[in-house]
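In: Sharing a model that was predicted from the sequence below.
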Amino acid sequence: MKSALVTGANKGIGLEVAKQLAQQGFYVYLGSRSLASGEAAAQQLRAAGLTAVEAVQLDVTNPKSIQAARAAVGAKTPVLDVLVNNAGISGGQPQGALQATPEQFRAVFETNVFGVAGVTQAFLDLLQPAPQPRIVNVSTAMASLSLYADLDNSNFAFRVPVYQASKAALNMYTLNLAHELRGTPFKVNAVCPGYTQTDFTDHQGTSTPAEAGARIVKYALLGPDGPTGQYFSEEYFPAPATCPW
């Protein structure tokens, strides 16, 4: 049975990704900062008939927690087929390039960038033996430099500089990770789930968690001829070739 780790999997998009991967026959480790929340999420999936799930305590901002999670997963399986770096925070409001504090930037980057790098590096040795290892980093269309360089476009008037900067950095990390893993079976991509109705958006949005989860899972299931080192935002840019970084 293939296995997957999803960070931030106790609710929202992460839980939906875990659910859909379990439906695809994966044994799914639900990474959660709170083990109790992770256990509750796993029980929810088991109640729906998806028994190949297990909660793992994983605070992506805590190196000791990352290493403990790596040890826990490694004790259960020698191979991890999929890593979905979903855990993320917005940084709260207000945000502004002139008003956001250094503490806001540090907190958001700690989760959205440093946490992704730490988890990826910690679990890489479990991913490497997989026949077709996949890494999906959950990004956002709001991190697009191309779109937001149009300063007068009313379609992109809403700006959250701290969050956007962290996800733009995540996109660059994704590119470089794909570059370093080129010539191997790895596929590494960044995916925007869309404007999704979860706690993260105060349940506002144009996509359901199921739709968002499907967009992410699609790239976790890529075949050997699939793309790598790309950014996909299918809600906004159905044709990948037109999707701007």
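Out: Noted; the coordinates are in hand. Residues are numbered from 1 along each chain as shown.
In: Distance-wise, check Val28 relative to Ala220.
Out: Remark: distance between Val28 and Ala220 (CB to CB, to the nearest Å) = 11 Å. Every C-beta, even on glycine, is put in place using the N, C-alpha and C of the backbone.
In: If you could redo that for Cys192, that was the one I meant.
Out: Here the distance between Cys192 and Ala220 works out to 15 Å (CB to CB).
In: okay, and the common contacts of Val28 and Ala220?
Out: With contacts taken as CB atoms under 8 Å, 6 or more residues apart in numbering, the residues that reach both Val28 and Ala220 are Ala4, Leu21.
In: quick one: which of those two has more around it?
Out: Taking neighbours as other CB atoms under 10 Å, Val28 and Ala220 compare with Val28 leading, 28 against 23.
In: Against Val188, how distant is the closest residue in space to Trp245 that isn't next to it in sequence?
Out: Across the structure, with CB to CB, 6 or more residues apart in numbering as the measure, the residue nearest Trp245 apart from its sequence neighbours is Tyr231 (5.4 Å). Using CB to CB, we find Tyr231 at a distance of 11 Å from Val188.
In: Between those two, point out the one with more neighbours.
Out: Counting neighbours by other CB under 10 Å for Tyr231 and for Val188 shows that Val188 has the greater number, 27 against 23.
In: For that one, which non-adjacent residue is spatially closest?
Out: Leaving out its chain neighbours, Val188 is closest to Ala178 (CB to CB, 6+ apart), at 4.1 Å.
In: what does Ala212 give?
Out: Counting by CB to CB, 6+ apart, the nearest residue to Ala212 once its immediate chain neighbours are dropped is Pro193, at 3.5 Å.
In: what's the neighbour count on the one you found?
Out: 29.
In: same question, Ala47
Out: Ala47 sits with 9 neighbouring residues when counted by other CB under 10 Å.
In: Glu103 too?
Out: Other residues within reach of Glu103, judged by other CB under 10 Å, total 9.
In: A helix includes it, no?
Out: Yes: when the secondary structure is assigned by DSSP: H, G, I helix; E, B strand; the rest coil, Glu103 falls within a helix.
In: Relative to Pro161, how far out is it?
Out: 14 Å.
In: where's the residue of the chain positioned farthest from its centre, which helix or strand?
Out: Distance from the C-alpha centroid of the chain, by CA atoms, centre = their mean, peaks at Asp152 (30.1 Å). Asp152 belongs to no helix or strand when elements are defined using DSSP states H and E.
In: if I look at Gly31, how far off is Thr77?
Out: Using CB to CB, which is the criterion applied here, Gly31 is 14 Å from Thr77.
In: Comparing those two, which residue is more hemmed in?
Out: The residue with more neighbours, out of Gly31 and Thr77 and counting by other CB under 10 Å, is Gly31; that gives 30 against 15.
In: ok, now which ones touch the spatially most central residue of the chain?
Out: In the chain, the residue lying closest to the centroid (CA atoms, centre = their mean) is Asn86, at 2.5 Å. For Asn86, the residues meeting the contact criterion (CB under 8 Å, 6+ apart) are Val6, Thr7, Gly8, Ala9, Ile13, Gly14, Val17, Val138, Ile216.
In: Go again with 7 Å.
Out: Under the criterion of CB atoms under 7 Å, 6 or more residues apart in numbering, the neighbours of Asn86 are Val6, Thr7, Gly8, Ala9, Ile13, Gly14, Val17, Val138.
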